[in-house]
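Enquirer: curious how this folds, go ahead:
(one chain, ligands or ions: 1)
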Amino acid sequence: MDFPNFAPALKGESGKSSFHPLGQEEKNEDWRLFVSLLAKMYNRFDKSNNMIFDLIKKRRSVFPARYIDKEIAKADIEKILEAANWAPTHKKTEPWRFKVLQGESQGKLGLFLSLKYLETEPKPKEFKVKKLMENPKKAGAIIAICMQRDPLESLPEWEEIAATAMAVQNMWLCCTEMGIGCYWSSPGLIKYMDEFFEMNEGEKCLGFFYMGYYEGEISEATRTPIQDKVVWG
Ligand SMILES: Cc1cc2nc3c(=O)[nH]c(=O)nc-3n(C[C@H](O)[C@H](O)[C@H](O)COP(=O)(O)O)c2cc1C
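Expert: Numbers count the residues shown, from 1 in each chain. Presented below is the predicted three-dimensional model:
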């Protein structure tokens with residue numbers, strides 16, 4: 001962008017240093033332009049301050065029914081995982097663990113979940129069997145969200161789960177910015193995931209992070225007012 005030369009405006013039209021901005025503002029076109037540019041720059045600065053807030057508000061759960069058949073590049077998944085790795089962590093235990101499923105493994109997960117549901121549910125519902133089988137195949141990728149308990153148990157378990165959840169929020173925000181739909185799925189069947197994955201001692205599956213590109217808009221979310229959840233001292 002070419003910036004106009006404001007030197008005359010700052011010095012006064014005559015070039016003399018007798019210019020008084022408040023007095024001549026109405027008459028001086030350059031000065032008005034200068035002020036409007038300053039306002040625009042301020043506005044842009046103000047907006048950039050809002051960027052993280054806007055992203056947080058834009059983050060949505062996007063479910064498999066919305067996913068389109070478009071591959072998620074490995075480099076993008078790596079970036080999303082890298083974002084997860086920057087979550088805060090008490091005593092630096094970094095308890096988040098992830099298992100990435102793509103392609104055939106997604107179908108295998110669907111088969112495992114639907115069979116496990118049939119095996120453990122006294123009155124299985126047909127639509128649920130189908131959903132458990134089909135949903136994983138609709139995703140561009142699925143990341144199993146796991147938490148590795150610190151072997152020394154130097155922290156209460158909730159802190160390890162909280163840190164893992166913060167890692168998931170990082171991934172969710174990263175996906176939002178990259179235009180990838182996603183959500184955290186936590187079916188009761190996750191307690192059987194050690195039969196599907198090789199899991200370490202003290203490692204627990206907390207759910208699945210489904211990801212997929214989508215088209216169109218996501219419906220607006222609502223929240224009850226924050227004032228109802230805050231007490232000021
Ligand atoms: C820990 C956790 C587990 C969740 N598990 C499920 C789930 O099993 N099934 C589901 O439909 N949504 C699940 N969700 C997503 C919520 O339904 C969703 O976040 C909520 O409806 C708010 O919508 P939003 O994410 O678009 O703001 C989970 C979210 C969190 C944080």
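
Enquirer: lowest-confidence helix or strand of the chain?
Expert: Of all helical and strand segments in the chain, the minimum by mean pLDDT, DSSP states H and E falls on helix 7-11, at a mean of 52.

Enquirer: distance of Lys99 from Asp194?
Expert: According to C-beta to C-beta, to the nearest Å, Lys99 and Asp194 sit 12 Å apart. Just so you know, the C-beta spots here come from the backbone N, C-alpha and C atoms, and that holds for glycine as well.

Enquirer: which one of the two is surrounded by more residues?
Expert: For the pair Lys99 and Asp194, the greater number of neighbours falls to Lys99 (19 against 13), based on other C-beta atoms under 10 Å.

Enquirer: surely that one meets Glu198?
Expert: No. At 9.0 Å, Lys99 and Glu198 do not qualify as touching, with contact defined as C-beta atoms under 8 Å.

Enquirer: show the pLDDT at Pro88.
Expert: Taken from the predicted model, the pLDDT recorded for Pro88 is 98.

Enquirer: show me where pLDDT drops low in the protein?
Expert: The model of the chain has pLDDT under 70 over residues 1-27, 44-49.

Enquirer: and the protein, which residues reach the ligand?
Expert: Taking C-beta under 6 Å from any ligand atom as the test, the list of the chain residues beside the ligand reads 60-61, 183-187, 207, 221.

Enquirer: want to try CSV for these, with distance to Trp31 and secondary structure as columns?
Expert: What follows is the residues of the chain next to the ligand, written out as CSV (distance: C-beta to C-beta, whole Å; DSSP: H, G, I helix; E, B strand; the rest coil):
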residue, distance to Trp31, secondary structure
Arg60, 45, coil
Ser61, 50, coil
Tyr183, 53, strand
Trp184, 54, strand
Ser185, 59, strand
Ser186, 60, coil
Pro187, 64, coil
Gly207, 59, strand
Ala221, 45, coil
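
Enquirer: give me the buried subset of these.
Expert: If you count burial by 16 or more other C-beta atoms under 10 Å, the buried members of those come out as 60, 183-185, 187, 207.

Enquirer: tell me where the chain has strands.
Expert: 96-101, 141-148, 180-185, 203-213 (DSSP state E).

Enquirer: how far does the first one sit from the chain's center?
Expert: The offset between the C-alpha centroid of strand 96-101 and the centroid of the whole chain comes to 16 Å, using C-alpha atoms, centre = their mean, to the nearest Å.

Enquirer: sorry, back to before: farthest-apart pair in the residues of the chain next to the ligand, please.
Expert: Pro187 and Ala221 (22.0 Å; C-beta to C-beta).

Enquirer: can you give me the distance of the spatially most central residue of the chain to the ligand?
Expert: When the chain is reduced to its mean C-alpha position, the nearest residue by C-alpha atoms, centre = their mean turns out to be Leu173, at 1.6 Å. Plainly put, Leu173 is 11 Å away from the ligand if you go by C-beta to the nearest ligand atom, to the nearest Å.

Enquirer: can you tell me, leaving aside adjacent residues, what's nearest to Ala84?
Expert: Distances taken as C-beta to C-beta, 6 or more residues apart in numbering place Ala167 nearest to Ala84, at 4.0 Å, with adjacent residues excluded.

Enquirer: isn't the one you found up against Ile80?
Expert: No. Between Ala167 and Ile80 there is no contact, the gap being 10.4 Å when judged by C-beta under 8 Å.
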